[in-house]
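Undergrad: Give me the fold of what follows.
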Amino acid sequence: MTRLPRSTLLLAILACLPAGVACAADACDVLTAQVIRATGASLAGRTGPIAVFRAQDAERMSLDCRAPARLTVASVDREPTPAYFILMGRAAQALAGADAVSAEVLALNLHQSSLLTQAPRRGGTGSIVMLCETGPRTGSLQDYLTVCRVARRPGLSPIRRAG
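TA: Model prediction:
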């Protein structure tokens, strides 16, 4: 791997300062492309830090690039097909480099637990955290009976690590 001289790296960073929005958009473009490659979804549109996709195995799929970046995958079915959970695994892989199969299993387990308890369920594996909920809700996701969100796992604080 080629190392860039420090002066080149500094110039690249300084070039992004006045156009911070453009640099953020570039990072979101990269993440959007990763999601498309990993999931097979197509881009339906993008406004600022939000990208919306068309995915065969979910009625709604969106990426919010604001920190922490997160993907929301929704289905009108209370009990979606196995393909929905495979999509969740691939989305987690694209977003945070998670093991797709482990993320798929996590999504399925959280979904089942949410069905049993009638409450949202959270969990994590490797580099991701996930929340899945079933049942009616209000807001922009009110028409979907299954909604799972995946985000990168936040790092431990330096204070917590030291203590």
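Undergrad: Show the backbone phi and psi for the residue nearest the centre of the chain.
TA: For the chain, the residue whose C-alpha lies nearest the mean C-alpha position (CA atoms, centre = their mean) is L71; its distance is 2.8 Å. The phi/psi pair for L71 (degrees, to the nearest 10) reads phi -110, psi 140.
Undergrad: which non-adjacent residue is nearest it?
TA: Distances taken as CB to CB, 6 or more residues apart in numbering put A91 closest to L71, at 4.7 Å, once the chain neighbours are dropped. Heads up, the C-betas are built off the backbone N, CA and C, glycines and all.
Undergrad: Check which helix or strand that neighbour maps to.
TA: Using DSSP states H and E, A91 falls within helix 82-96.
Undergrad: residues of that helix that come out buried?
TA: 84-96 (16 or more other CB atoms under 10 Å).
Undergrad: can you pull out the helices in this structure?
TA: Secondary structure of the chain (DSSP state H): helices at 6-16, 20-39, 82-96, 100-117, 158-162.
Undergrad: got the contact list for R66?
TA: Counting by CB atoms under 8 Å, 6 or more residues apart in numbering, R66 touches P49.
Undergrad: how close does it sit to R137?
TA: According to CB to CB, to the nearest Å, R66 stands 21 Å off from R137.
Undergrad: pLDDT and distance to L116 added to the buried residues of helix 82-96, as CSV?
TA: CSV is the format used below for those (pLDDT from 0 to 100; distance: CB to CB, whole Å):
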residue, pLDDT, distance to L116
Y84, 98, 18
F85, 98, 16
I86, 98, 22
L87, 98, 22
M88, 98, 19
G89, 98, 21
R90, 97, 26
A91, 97, 24
A92, 97, 23
Q93, 97, 27
A94, 96, 29
L95, 96, 27
A96, 95, 27
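Undergrad: Any chance of those in TSV with distance to D143 as columns?
TA: Below are these laid out as TSV (distance: CB to CB, whole Å):
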residue	distance to D143
Y84	16
F85	20
I86	23
L87	18
M88	19
G89	24
R90	24
A91	20
A92	24
Q93	27
A94	25
L95	24
A96	28
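Undergrad: re the thing from before, contacting residues for the residue nearest to the centre of the chain?
TA: 35, 61-64, 91-92, 94-95, 149-151.
Undergrad: now it: how far from L116?
TA: For L71, the distance to L116 - CB to CB - is 24 Å.
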